[in-house]
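A.B. asks: I need the structure of the sequence given here:
(one chain, ligands or ions: 2)
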Amino acid sequence: MSADPTSFASAAKCVSKHLNLNLYVDFETHVIRGSVEITVEVLENRFSTLTLDTRDVKVVSVSANGQEARFTMGPKHTFKGTPLEITLPFDLSRGQHVIVGVTYETSPGASALQWLSPEQTAGKKHPYLFSQCQAHHCRSMIPCQDSPSIKHTYYAQVSVPKELVAAMSALRDGQEVDPQDSHRTVYRFRQPVPMPSYLMALVVGSLESRKIGPRTTVWSEKEFVDRAAQEFSETERMLQTAEELVGPYVWGQYDILVLPPSFPYGGMENPCLTFATPTLLAGDKSLSNVIAHEISHSWTGNLVTNKTWEHFWLVTHTHAHVHAHTGKSASIRVHARRLNEGHTVYLERMIGRRLEGEAFRQFKALGGWKDLHDSVSTFGAKNPLTNLVPSLQDVDPDEAFSSVPYEKGFALLYHLEELLGGPEVFMGFIKSYIQLFAYGSVTTDQWKDFLFTYFQDKVDVLNKVDWNAWMFTPGMPPVKPQYDTTLADACAALSQRWIQAKEQDLSAFTQADINALSSHQLIDFLSLLLQEVLPVSHVKKMQEVYDFNSCTNSEIRFRWLRLCVRSRWEEAVPLALKMASEQGRMKFTRPLFREVFNFAKYREEAVRVFLAHRATMHPVTSGLVSKDMKVSVDQ
Ligand code: BES
Ligand code: ZN
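C.D. replies: Numbering: from 1, shown residues only. Ligands and ions are numbered 1, 2, ... in the order given. Below is the predicted model of the structure:
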């Protein structure tokens, strides 16, 4: 019985150690055909069956050490997909290894993959394919034990049309003309550091590259490559800063791939090759904290991965069966993952501190607290999804996604930093924690135990922390950390002027109001206004004096257009729908569609624009926007 509520595979029976992939990428049929050979370590005696996760995959054949093996596909679950039940033609004992081979085809609708037509690319000439496996989509690209508690290395050979380039979350290991078809190239990759399946990643497209540092190359369609090289020129400095903070970078290469606009996230920490949305290309490097964040995952998440609750019981041999069926086991697992994002935001902001100063970190931390506030009011302060430890049994991880894990996790770590002696002291703990658990997986209890061990002389302080309120109670945390407001004060003051302004006061606003504000501060200013509803006269005046309509910084534009639509300024509706559909980062696309949808007069227009774009959207994004706008699947 697996305690990972998103996976059918059981890490208690056996664990994958290595994947050997042979993939053929077919742009005609939007299918990847191929095979995966999984080296599995057996953890129990009389072992003869195992379950792999799949989703919408056609399994052709299964083998075990080269011998044919029997298999059946179980019933399809809404978000877990379909278990692939394999019966080996022999028994194995604890400690033995077996190579399980699966020959398969993906489906054109695979949830991990987006297939773009040439018209959807910048160059308009060639098709494009990219994957996004986190959280539970790897199984739609590769049958595997798709659970974050299991780590494996991998080797891959990928055949693609010869005018295209393939890249993966791994080191490049050469290429050659496909011996089977001279119109194709086979690219080889190796990932020698064990990593969980959600970090598997593949991209195929007309890619160009530019080296921007000793271990960094940026990749994208040629139309973006110069801008990307500019925007991310600080990458090596960030990597060095991270290494000073937490120790050596073990993944060798740190490349960045800038994807087409439909990439659903800001960034994704795929090892050796961070995936990034083109909406980061602000022109002034002001959105590069996302890169600092993904760099940080090289330690927190990719190197030290949080283990499942089930794995914890496996090693300690206690009451696995008592708890395996309860929601509680699942909760703790998710909690572990939430601390993972919390640590990453903490590190991201420590890098910001080294590069921009403490006032900047304080400003970002306060901004994060406001984001947490917004999420808590959106969900409702009693909603269990706002727990650091929610019960997510039977909840699709994509639907549970929010700022809560990031910002409640960060706030807890910052609170501990304050209690235990400040940033330098607390970083000492984080660094030791990473070194101790590097290459492994860790439970929340191990993290907490180590915290108590490291701060042995401050146990009385730690015991005063209201752990239960931080972890198991919905709503805002029990303590608000004291953030310095130096950079935030100007944003608050200007937003208050707008909120309090009467019609006759509007003439007092001028362009000069924002001259001294950085783009970070403009983002904060607009976020503050989004906590209110401004009269339409105000947003019209704001356009006149600040001209945000011509702003291309995606974080500013997103908040501005939301604000206008919320004030019922009809002229902003087409701009909002344009932004919602021309890029597909879910952080922007979902709220923009939702905002227009909630404007009764334009509800149908929002649905119409969505339906017109749906077929060319990322499968996960279109599924979630459908739900947000209550559009049925077959409409
Ligand atoms: N790993 C996440 C993205 C993710 C989370 C993908 C959950 C799928 C499921 C990534 O590290 C991330 O957090 N990206 C953020 C940027 C960050 C600065 C908070 C994003 O995409 O905006
Ligand atoms: Zn992250």
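A.B. asks: of all of the stretch 101-250 of the chain, which residue lies closest to ligand 1?
C.D. replies: In the stretch 101-250 of the chain, no residue comes nearer to ligand 1 than Q134, which is 3.7 Å away by CB to the nearest ligand atom. Where C-beta positions appear, they are placed from N, C-alpha and C, glycine not excepted.
A.B. asks: That residue and S197 touch, don't they?
C.D. replies: No: when contacts are counted by CB atoms under 8 Å, Q134 is not listed as touching S197 (9.5 Å).
A.B. asks: These two - which one has more neighbours?
C.D. replies: Shown here are Q134 and S197; by other CB atoms under 10 Å, S197 has more neighbours (27 against 21).
A.B. asks: Let's see the pLDDT reported for that one.
C.D. replies: In this model, S197 is scored at 97, pLDDT.
A.B. asks: Tell me if I'm right that it and C133 touch.
C.D. replies: Yes: with contact defined as CB under 8 Å, S197 reaches C133; the gap is 6.9 Å.
A.B. asks: how much space between the residue in the stretch 451-600 of the chain that ligand 1 sits nearest to and S159?
C.D. replies: Closest to ligand 1 within the stretch 451-600 of the chain is K587: 5.4 Å, counting by CB to the nearest ligand atom. Look at K587 and S159: by CB to CB, to the nearest Å, they are 35 Å apart.
A.B. asks: Tell me how many other residues surround N515.
C.D. replies: 7.
A.B. asks: What segments of the stretch 1-150 of the chain are strands?
C.D. replies: All strands of the stretch 1-150 of the chain, identified by DSSP state E, counting those that start in this stretch, fall at 14-26, 31-42, 47-54, 58-64, 67-68, 70-73, 82-92, 97-105, 113-116, 128-131.
A.B. asks: which one of those lies closest to V389?
C.D. replies: Evaluated over the strands of the stretch 1-150 of the chain, closeness to V389 peaks at strand 47-54, with 24.4 Å, by CB to CB.
A.B. asks: elements contacting the closest one?
C.D. replies: strand 82-92, strand 97-105 (3 or more CB pairs under 8 Å, 6 or more residues apart in numbering; DSSP states H and E).
A.B. asks: Need the phi and psi values for the closest residue to A276 other than its chain neighbours.
C.D. replies: Leaving aside its chain neighbours, A276 sits nearest to G267 (4.9 Å; criterion: CB to CB, 6 or more residues apart in numbering). Note on G267: backbone dihedrals following degrees, to the nearest 10 are phi -150, psi 160.
A.B. asks: so what's M238 up against?
C.D. replies: Contact analysis of M238 by CB atoms under 8 Å, 6 or more residues apart in numbering lists S288, I291, A292, I295, I351, L355.
A.B. asks: Tabulate those residues (a markdown table), appending distance to ligand 1 and neighbour count.
C.D. replies: A markdown table is the format used below for the contacts of M238 (distance: CB to the nearest ligand atom, whole Å; neighbours: other CB atoms under 10 Å):
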| residue | distance to ligand 1 | neighbour count |
| --- | --- | --- |
| S288 | 10 | 22 |
| I291 | 9 | 25 |
| A292 | 8 | 25 |
| I295 | 10 | 26 |
| I351 | 11 | 27 |
| L355 | 15 | 16 |
